[in-house]
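> turn this into a structure:
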Amino acid sequence: MIDVYEYTNQGGRSYNEDSVGSVVQDNSGIFVVADGLGGHAFGELASACARDTLLSEWTPGAANRPEWFNAEIEKANNNILMLQQEKGDIMKSTIVTLSIDNGMAVWAHSGDSRLYYFHNGWLHTCTEDHSVAFKKYKAGEISREAIAKDEDQSALLRTLGGPDRYEPTIGGLQEPLIPGDAFFLCSDGAWEFLKDEEINIDLAKAEDAKHWAELMLLRMMDRIEGGNDNLTLQTIMIR
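Numbering: from 1, shown residues only. A predicted model of the protein is given here:
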């Protein structure tokens, strides 16, 4: 059984440009977090477009889920480009998405929204931010924790909403999921306030997906100051 909970909040901003959603059918499902860029609520249009494209096109049991992700994220990018023409303004979005097909997990992301995977007591980071700050971390110039506060954290190398540099990075598990496995998808407005070990600790205490999210949100709320970014998270537990 798949237990899922999702939460989004405008934070210290006047509007929320994040979007989150999921579709679950029996032992399969798709999960999406998208973080819109652009301002004046146009970012919300971009993120909602990215989310809705994938949710509306998903059906369980795709023969080649990585190929499906490539095609659908390209379609989402084209839909956002059409929105730009309609509104006469630039709007973009990150995306992180997970598909579970009868116990097998595949994911894709473009931008700096993240996916974490918990298995057998260990938390694994499935995605690497497409950002200048993350490149600096990989080069040893800054620590992983410093990414959230780095001056280049918002300098993204890939996003949906452009003619190029939208292509996703795709990954997946080689073994079937087992009861006790869990996933955490989130926008940068959430992960910047959490340490990896804290995500792990809160999962160990949690009774269900909602409780896990609430424990992490309590940590975030203690650290958030005025003017913080929109924050969005999605927690998934395999029962």
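
> helices and strands around the helix or strand encompassing Asp222, which ones?
In this assignment (DSSP states H and E), Asp222 forms part of helix 209-223. Applying 3 or more CB pairs under 8 Å, 6 or more residues apart in numbering; DSSP states H and E, one finds that helix 209-223 contacts strand 2-9, strand 182-186, helix 196-205, strand 231-238. For glycine as for every other residue, the C-beta is placed from the backbone atoms N, C-alpha and C.

> quick one: which of these is nearest Ile224?
Nearest of the helices and strands packed on helix 209-223 to Ile224, taken as CB to CB: strand 231-238 at 8.0 Å.

> list the neighbouring strands of that closest one plus their orientation.
Partner strands and pairing direction for strand 231-238 (DSSP bridges) are strand 2-9 (antiparallel), strand 182-186 (antiparallel).

> and the angle from that strand to helix 209-223?
When axes from the mean of the first three to the mean of the last three CA atoms, to 10 degrees is applied, the directions of strand 231-238 and helix 209-223 differ by 150 degrees.

> any idea of the pLDDT on the residue lying farthest from the centre of the chain?
Farthest-out residue of the chain from its mean C-alpha position, per CA atoms, centre = their mean: Gly88, at 27.0 Å. On pLDDT, Gly88 comes in at 92.

> helices of this protein, start to end?
Secondary structure of the chain by DSSP state H: the helices cover 42-57, 65-87, 132-138, 188-191, 196-205, 209-223.

> out of those, which gets nearest to Arg114?
The nearest among the helices of the chain, by CB to CB, is helix 188-191 at 5.3 Å.

> for the closest one, packing partners?
Going by 3+ CB pairs under 8 Å, 6+ apart, helix 188-191 lies up against strand 231-238.

> any buried residues in the strand it packs on, and which?
Neighbour counts over strand 231-238 (16 or more other CB atoms under 10 Å) mark Leu231, Thr232, Leu233, Gln234, Thr235, Ile236, Met237, Ile238 as buried.

> what does stretch 111-131 give?
Buried, per 16+ other CB under 10 Å, within stretch 111-131: 111-119, 123, 126-127, 129-131.

> pLDDT weak spots in this protein?
For the chain, the stretches with pLDDT under 70 are 11-12, 14, 39-40, 227.

> mind checking the longest strand of it?
Criterion DSSP state E: the longest strand present in the chain is strand 28-37.

> can you list the strands that that one pairs with?
As defined by DSSP bridges, the strand partners of strand 28-37 come to strand 18-25 (antiparallel), strand 92-93 (antiparallel), strand 95-101 (antiparallel).

> comparing the ones you listed, which comes out most buried?
strand 92-93 (a mean of 28; mean count of other CB atoms under 10 Å).
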